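K.L.:
Sequence plus predicted model, see below.
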Amino acid sequence: MANSFGQLFRITTWGESHGGGVGVVVDGCPPRLELTEADIQPDLDRRRPGQSKIVTPRKESDAVQILSGTFEGKTLGTPISMWVRNEDMRPEAYSEMASKFRPSHADYTYIAKYGIRNWQGGGRTSARETIGRVAAGAIAKKILRLRFGVEVLAYVKQVQKITAEVDPEKVKASQIESNIVRCPESQTAEKMIRLIEKMRREGDSVGGIVEGVARGVPPGWGEPVFDRLEADLAKAMLSLPASKGFDIGSGFGGITLTGREHNDLFRMKGGKVRTVTNRSGGIQGGISNGETIYFRVAFKPVATVMHEQETVDVHLKNTTLKGRGRHDPCVLPRAVPMVEAMTALVLVDHALRQKAQCE
């Protein structure tokens with residue numbers, strides 16, 4: 001399995017949903033960066049289950065421990081290993097899934113590929129795997145902030161048909177974290193929360209869109225042709241559990257415009273080359289142009305619903321299955337720190353690649 005991501009700043013995640021724990025090894029982090037668990041924990045707290053009434057009630061502290069790669073509170077330049085212990089496993093809730101494939105889950109496809117699967121909570125396919133990504137992303141965000149002046153944010157833009165109008169240039173972290181759904185527009189957030197609560201009561205689920213933003217990225221990051229910056233961002237986002245779509249800048253909406261309408265005109269401003277508009281989403285030709293990078297990630301409704309549905313068992317016989325256990329009625333609030341993490345991992349890797357190339 002491809003469990004590693006990145007070139008110069010490279011991470012490898014490990015662990016299963018109902019095993020002893022999950023974690024990550026970060027290789028390529030520059031030395032002498034001040035780093036303790038206190039730098040990592042806040043993002044893990046934003047990702048963890050049980051944090052509000054609209055996410056899964058699984059109770060996990062998700063307390064991170066740094067096992068290697070630091071000394072006296074600073075990075076050594078050697079591999080950083082971090083792990084989080086699993087505390088609230090209830091594999092008995094998944095006993096029926098041992099012999100039946102859950103609709104729209106990876107149960108059948110893992111059997112088709114490997115001939116074996118961990119049916120306790122989905123194993124590696126569980127969103128619990130993203131703990132390692134978020135922990136590594138917290139390091140990447142700190143490097144980007146301190147050494148390159150780059151800010152990475154994400155927020156819930158849409159839940160089903162409820163959409164927030166948010167300016168990527170102006171949105172603040174405090175606005176995003178002001179409510180449990182992580183939508184910076186408060187009135188829209190209340191509508192989203194009510195819809196998610198309704199889905200939970202009905203034993204159903206709902207999807208939507210998370211928008212990612214990176215401000216302060218200088219021009220020049222990206223490696224055409226196959227490692228274009230938007231291509232690496234797309235791969236990063238589509239590797240997240242439940243993600244089903246990615247677009248950047250004007251995205252699919254840009255097809256309604258003409259070329260004259262869509263073009264970002266150049267203008268000198270303050271001694272720098274700037275664009276008048278930013279329909280390119282901060283990337284042109286696969287390389288950052290100095291404008292704000294913004295993109296959207298579509299997440300499907302959670303596959304586990306508390307209703308009887310048709311499926312097939314391990315003996316390839318038709319049967320039915322009703323969802324059980326603890327599940328999110330909507331992944332979006334917890335997907336926000338995941339999108340931030342993957343954005344930061346892509347950007348810090350390209351920052352280091354650009355630095356190595358120029359020096």
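P.N.:
All right, it came through fine. Residues are numbered from 1 along each chain as shown.
K.L.:
what residue ranges in the stretch 1-150 of the chain score low on pLDDT?
P.N.:
1, 89-93 (pLDDT under 70).
K.L.:
Walking through it, point out its strands one by one.
P.N.:
4-5, 10-15, 21-27, 64-68, 70-71, 74-75, 80-85 (DSSP state E, counting those that start in this stretch).
K.L.:
partner strands of the first one, parallel or antiparallel?
P.N.:
Paired strands of strand 4-5, with direction, are strand 10-15 (antiparallel) (DSSP bridges).
K.L.:
Other residues contacting the strand it pairs with?
P.N.:
3-5, 21-28, 83, 86, 124, 128-129, 131-133, 136, 345, 349 (C-beta atoms under 8 Å, 6 or more residues apart in numbering). (Glycine included, C-beta is placed from N, CA and C.)
K.L.:
Relative to the whole chain's centre, how far out is that strand?
P.N.:
Distance, stretch centre to chain centre, for strand 10-15: 15 Å (C-alpha atoms, centre = their mean, to the nearest Å).
K.L.:
Could you check the angle that strand makes with strand 21-27?
P.N.:
If you take axes from the mean of the first three to the mean of the last three C-alpha atoms, to 10 degrees, strand 10-15 sits at 170 degrees to strand 21-27.
K.L.:
Residue 41 - how many residues pack around it?
P.N.:
Number of residues near residue 41 (other C-beta atoms under 10 Å) recorded here: 18.
K.L.:
Which residues are in contact with it?
P.N.:
63-64.
K.L.:
ok, now residue 129?
P.N.:
Residue 129 neighbours (C-beta under 8 Å, 6+ apart): 13, 15, 17, 22, 241.
K.L.:
if we go to 7 Å?
P.N.:
13, 22 (C-beta atoms under 7 Å, 6 or more residues apart in numbering).
K.L.:
Equivalent analysis for residue 293, please.
P.N.:
By C-beta under 7 Å, 6+ apart, the contact list for residue 293 reads 214, 217, 281-283.
K.L.:
try 8 Å
P.N.:
212-215, 217, 229, 233, 248, 281-283.
K.L.:
Report the beta-bridge partner residues of it.
P.N.:
residue 214.
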